[in-house]
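In: no sequence on this one, just coordinates:
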Ligand code: CA
């Protein structure tokens with residue numbers, strides 16, 4: 001539902017919000033922040049400021065005002081979608097109408113002086129594999145038939161590790177793992193030499209479902225509270241040795257970086273687009289995965305970018321090097337299909353669960369979401385502006401992921417920062 005909160009002409013009395021690349025008044029993302037000496041609490045980003053929602057709880061719709069009392073957004077995520085819509089409308093009014101500026105002033109804080117935290121206590125984290133170009137590219141490196149027969153029938157996924165999810169900015173310690181080098185018989189245990197990134201979106205689960213009660217595909221969109229950027233760090237040498245027969249394990253659960261703001265499903269309404277038609281010959285999804293409304297509006301027009309710097313680049317004041325410009329429209333399955341599939345067996349999702357989409361690569365060489373693809377499995381190094389070469393990540397490298405939702409006639413909105421630097425394990 002598109003309403004007055006999405007109006008491109010709407011402005012805020014917070015000056016920095018006008019034309020802000022990520023957080024104009026049309027966005028109003030939700031997160032958890034703290035200032036020095038104060039406990040973490042819910043906030044919304046507006047321009048280069050953060051509004052303390054706890055401080056203005058008495059001005060918010062009653063159920064939202066109660067739900068934001070704690071140090072996480074789980075309570076708010078668990079509210080019905082119409083409650084989140086009411087909160088958004090209220091925040092939009094408070095931040096656009098100058099008459100509220102004096103009352104809100106004491107609760108506005110420069111974002112640069114705030115620390116961001118995980119927006120929710122993530123009970124469970126599942127990572128899917130819906131980027132079909134990524135799945136095809138990786139498959140080509142592994143076997144003659146890139147896509148396995150189940151790919152076009154099932155949104156493939158595995159259960160990840162919630163405890164190692166961190167917000168943007170927390171350094172990633174190079175993991176140690178068991179690997180078997182080429183042309184050897186016995187494995188060894190060592191720091192990974194093939195540390196990779198994976199460009200993904202994270203889907204925040206809103207209201208969950210009772211154990212044994214699947215979420216129908218027609219309702220699945222109401223269980224999606226918002227999106228976030230996600231980097232599924234991966235140790236390819238560890239992965240290659242351990243992944244059969246049960247799938248990824250220690251190669252991926254050492255650290256996952258997310259952007260700290262939940263860009264709500266309501267904010268993303270103008271950026272919903274039809275799911276790309278399946279190529280001729282692909283099977284029609286089974287009925288529990290097929291909904292006409294989801295096919296018409298279940299994809300998102302979100303540009304995704306990956307960039308990097310090395311320590312030497314930063315020392316020389318160089319701008320980050322873009323590695324990829326990808327697009328969320330390259331997903332073979334929609335977020336709603338992920339939710340419907342996850343619960344078809346009765347598995348219960350909970351408010352604050354996180355679903356990764358899997359690596360999102362486009363069909364273009366300039367839109368690849370992992371170094372595994374960009375360097376053809378480590379065979380074709382990239383050259384940095386310093387002349388340094390990379391196949392996989394070295395200590396000191398920083399990966400920056402950004403995302404922007406765009407639609408004709410609407411103000412673009414962004415996701416904020418999803419970045420982290422690799423540090424030595426020792
Ligand atoms: Ca992944």
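Out: Structure's in. What do you need? Keep in mind it's a predicted model, so treat the numbers as computed, not measured.
In: buried stuff in whichever strand or helix holds residue 87?
Out: Taking DSSP states H and E as the criterion, the element that holds residue 87 is helix 81-96. By neighbour count on 16 or more other C-beta atoms under 10 Å, the buried set for helix 81-96 is 81, 83-92, 94-96. Glycine gets a C-beta too; all of them are placed from N, C-alpha and C.
In: dump those into a markdown table; add distance to residue 5 and pLDDT as well.
Out: Listed next are these as a markdown table, based on distance: C-beta to C-beta, whole Å; pLDDT from 0 to 100:
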| residue | distance to residue 5 | pLDDT |
| --- | --- | --- |
| 81 | 14 | 92 |
| 83 | 15 | 95 |
| 84 | 12 | 94 |
| 85 | 9 | 96 |
| 86 | 11 | 97 |
| 87 | 11 | 97 |
| 88 | 6 | 98 |
| 89 | 6 | 98 |
| 90 | 10 | 98 |
| 91 | 8 | 98 |
| 92 | 4 | 98 |
| 94 | 11 | 98 |
| 95 | 10 | 98 |
| 96 | 9 | 98 |
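In: related to what we said a few turns ago, what's the helix holding residue 87 packed up against?
Out: Under the contact criterion of 3 or more C-beta pairs under 8 Å, 6 or more residues apart in numbering; DSSP states H and E, helix 81-96 touches helix 62-67.
In: for this protein, which segments count as helices?
Out: 62-67, 74-77, 81-96, 101-104, 132-142, 236-242, 292-297, 311-315, 335-343, 371-374 (DSSP state H).
In: show me the one of these that comes nearest the ion.
Out: Nearest to the ion, of all the helices of the chain, is helix 132-142, at 8.6 Å by C-beta to the ion.
In: buried residues of that closest one, list them for me.
Out: 132, 133, 134, 135, 136, 137, 138.
In: what does the protein put close to the ion?
Out: With C-beta under 5 Å from the ion as the criterion, the chain comes near the ion at residues 127, 198, 232.
In: for the last one, what are its contacts?
Out: Just to be clear, that refers to residue 232. Shown in contact with residue 232 (C-beta atoms under 8 Å, 6 or more residues apart in numbering): 127, 160, 197, 198, 200, 252, 256, 356, 359.
In: picking up where we left off before, for residue 189, state which of the buried residues of helix 81-96 is nearest.
Out: Using C-beta to C-beta, residue 84 comes nearest to residue 189 of the buried residues of helix 81-96, at 46.4 Å.
In: and the residue of this structure that's closest to the ion?
Out: Closest residue of the chain to the ion, C-beta to the ion: residue 232 (3.6 Å).
In: and that residue, how far is that from residue 59?
Out: 38 Å (C-beta to C-beta, to the nearest Å).
In: before we move on, what about residue 91?
Out: 9 Å.
In: before we move on, back to that, now the residues of the chain next to the ion as TSV including pLDDT?
Out: What follows is those, written out as TSV (pLDDT from 0 to 100):
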residue	pLDDT
127	98
198	98
232	98
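In: would you mind giving those as CSV with distance to residue 110 added?
Out: Listed next are the residues of the chain next to the ion as CSV, based on distance: C-beta to C-beta, whole Å:
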residue, distance to residue 110
127, 35
198, 32
232, 31
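In: across the sheet, point out what pairs with the spatially closest residue to residue 27 that is not a sequence neighbour.
Out: Nearest residue to residue 27 in three dimensions, chain neighbours excluded: residue 413, at 4.0 Å (C-beta to C-beta, 6 or more residues apart in numbering). Beta bridges link residue 413 to residue 405 when assigned by DSSP bridges.
In: and residue 413, how many neighbours?
Out: The tally of other residues near residue 413 (other C-beta atoms under 10 Å) stands at 27.
In: hang on, it packs against residue 26?
Out: Yes. Counting by C-beta atoms under 8 Å, residue 413 touches residue 26, with 5.8 Å between them.
In: got any residues that touch both of these two?
Out: With C-beta under 8 Å, 6+ apart as the test, residue 413 and residue 26 both reach residue 267.
In: can you list the domains in the protein?
Out: 4-117, 125-423 (automatic domain parsing).
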